[in-house]
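> I would like to see how this sequence folds:
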Amino acid sequence: MTSKADFSPAEWKKIVQSPLLAGFAVSIADPNGFIAHLKEAFAEAKMLGEAKASGTEGTLVKSIAEELMTSAGRAEAREGIRTIAAGATSDQMKDRAIEQLKEVAAILDAKAPMEAATIKGWLGKIAQTVAEASGDGFMGFGGARVNDSEKAALADIEQALGT
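Take a look at the predicted model:
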């Protein structure tokens, strides 16, 4: 079974950042206001909490969620988002996040082949949950549940993860 010890510190940092990057890539694809952002953030936090508590996604997913829910893990993940966002447009931020997810997928395929599909599926589920967290329309009511920009970002994420 694969564990944190099987990855270099730089690889583990990217892996721990990946759940936030999956949600961020969808959120930035269609930034639609403060309330929508809060709904998306709460949806992502809920998924991380569930992964940490239940472990149904596997022990490596649980380890990622546990680390991300620590203050040091959150700080490193936020730093990853800040690095991606530095001096970039929304489209560039989305593209950079998706490129990082592609790198994480390659790391997982190489070092955790037995768990790679599960982790990549979990990352895709996080992105989908964030996309569904707030619909278009007034304050998230009405409109499409997942709009075209978010659908395109989800497709890009699936392609980057190879799912």
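
> Please determine how far the closest residue in space to residue 104 that isn't next to it in sequence is located from residue 106.
Nearest residue to residue 104, sequence neighbours excluded (Cβ to Cβ, 6 or more residues apart in numbering): residue 18, at 4.5 Å. The way it works is simple: take the backbone N, C-alpha and C, and place the C-beta from them, glycine included. According to Cβ to Cβ, to the nearest Å, residue 18 and residue 106 sit 12 Å apart.

> These two: which has the busier surroundings?
Between residue 18 and residue 106, residue 18 has the larger neighbour count (other Cβ atoms under 10 Å), namely 28 against 14.

> List the contacts of that one.
Going by Cβ atoms under 8 Å, 6 or more residues apart in numbering, residue 18 touches 64, 100-101, 104, 123.

> From residue 93, how far out is it?
Relative to residue 93, and taking Cβ to Cβ, residue 18 is found at 15 Å.

> likewise residue 121?
According to Cβ to Cβ, residue 121 stands 24 Å off from residue 93.

> quick one, which of these two is more surrounded?
More crowded of residue 121 and residue 93, by other Cβ under 10 Å: residue 93, with 21 against 15.

> and the gap between that one and residue 2?
If you measure residue 93 against residue 2 using Cβ to Cβ, the figure is 30 Å.
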